[in-house]
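Student: Next come a sequence and a model predicted from it.
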Amino acid sequence: MDADISENLKRIRFEIGEAKAKYRKPDDDLRIMAVTKTVPFERVNAAVGQGITLLGENRVQEYLEKKDFYSKEAEVHFIGSLQTNKVKYIIDSVSMIHSVDSIKLAAEVDRLAAKKERCMDILIEVNIGGEESKSGVSPDRLYELISEASEFENIKIKGLMTIPPIGRSESSFEQMQRLFEDIRTKRPEMNILSMGMSSDYVAAVKYGSNIVRIGTGIFGSRK
């Protein structure tokens, strides 16, 4: 039933509104991204009908199977781990890639964006918890990667993304906020901080996130 999507979004918007009122400036931009992994396109479009304007895709093959059925009222960002050999499949249809974590991947995005005569917005993914099981650049390599990737002409670094270790969201978000604010003093054009998911988006809002990526919270548990 699509009624559950409506009710879930009402709750999420209320909780984000409360967190914004408590921790943020009234005019701070903050977007809710509907994460669509395993969700049928009909339910994704139902969320768009409830005012969602941003979709997040994790898997290239699943995205390719569903993208033509999505409402044109929403833009799509790619947020999952991305192999260089898969960039070609998404380069012309997503508006941002959140998961760039190496100069090799940045170079391939730049190369293919040039072939399409476009400039691709990207975020640098940070492995804030130093977890071997997760992708992302380590915080001590972050500035070097930003400096190197900034040399490319067909990508634009818009900010940072992270997925914190389980049980360490608050401290990780606080670390990310410090990193982000420090980088912005040197690169004010980097104005996006993408962090927070269904279980921790309120804490993410507290620490400056302006894109929260919510799947289960909107669509219910995956089957």
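Tutor: Received, thanks. Residues are numbered from 1 along each chain as shown.

Student: Can you get me the centre-to-centre distance for the longest helix seen in the chain and its chain?
Tutor: Looking across the chain with DSSP state H, the single longest helix is helix 3-23. Distance of helix 3-23 from its chain centroid, counting by C-alpha atoms, centre = their mean, to the nearest Å, is 19 Å.

Student: Stretch 90-102 now?
Tutor: That offset, for stretch 90-102, works out to 10 Å (C-alpha atoms, centre = their mean).

Student: for that stretch, which positions count as buried?
Tutor: Using 16 or more other C-beta atoms under 10 Å as the test for burial, stretch 90-102 gives 90-91, 94, 96-102. (Glycine included, C-beta is placed from N, CA and C.)

Student: farthest pair in the residues you listed?
Tutor: Taking C-beta to C-beta as the measure, these span a maximum distance of 18.5 Å, between V94 and S102.

Student: just the strands in the chain please.
Tutor: Secondary structure of the chain (DSSP state E): strands at 31-35, 54-57, 75-78, 96-100, 120-126, 155-162, 192-194, 211-214.

Student: so where's this structure shaky on pLDDT?
Tutor: Within the chain, the stretches with pLDDT under 70 are 1, 223.

Student: Swap in 80 and give it another go.
Tutor: By pLDDT under 80, the weakly predicted segments of the chain are 1, 133, 222-223.

Student: D27: neighbouring residues, count only.
Tutor: D27: 5 surrounding residues under other C-beta atoms under 10 Å.

Student: so where do the helices sit in this structure?
Tutor: Counting by DSSP H, the helices of the chain are 3-23, 41-49, 60-66, 87-90, 103-115, 139-149, 169-186, 201-206, 216-219.

Student: possible to save these as CSV with distance to V126?
Tutor: CSV is the format used below for those (distance: least, C-beta to C-beta, whole Å):
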stretch, distance to V126
helix 3-23, 21
helix 41-49, 28
helix 60-66, 22
helix 87-90, 20
helix 103-115, 14
helix 139-149, 6
helix 169-186, 7
helix 201-206, 14
helix 216-219, 23
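
Student: quick one: which of these is nearest E73?
Tutor: Once these are compared by C-beta to C-beta, helix 41-49 is nearest, at 5.4 Å.

Student: Which strands or helices does the closest one pack on?
Tutor: On a contact count with 3 or more C-beta pairs under 8 Å, 6 or more residues apart in numbering; DSSP states H and E, helix 41-49 meets helix 3-23, strand 31-35, helix 216-219.

Student: What are the buried residues along it?
Tutor: For helix 41-49, by 16+ other C-beta under 10 Å, it's 43-48.

Student: which outside residues touch that helix?
Tutor: Residues outside helix 41-49 that contact it (C-beta atoms under 8 Å, 6 or more residues apart in numbering): 2, 5, 9, 34, 36, 55, 66, 69-71, 73-74, 218-219.

Student: and if we set it to 6 Å?
Tutor: 2, 5, 34, 36, 66, 69-71, 73-74, 218-219 (C-beta atoms under 6 Å, 6 or more residues apart in numbering).

Student: Go through the strands of the chain and name the closest to A19.
Tutor: strand 211-214 (9.9 Å).

Student: and that closest one, C-alpha only, in CSV?
Tutor: Extracted in CSV, the C-alpha atoms of strand 211-214 (Å, rounded to 0.1, in the frame of the first residue of the first chain):
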residue,chain,number,x,y,z
ILE,A,211,21.3,15.1,2.1
VAL,A,212,19.9,12.2,4.2
ARG,A,213,19.6,8.9,2.4
ILE,A,214,16.5,7.0,3.6
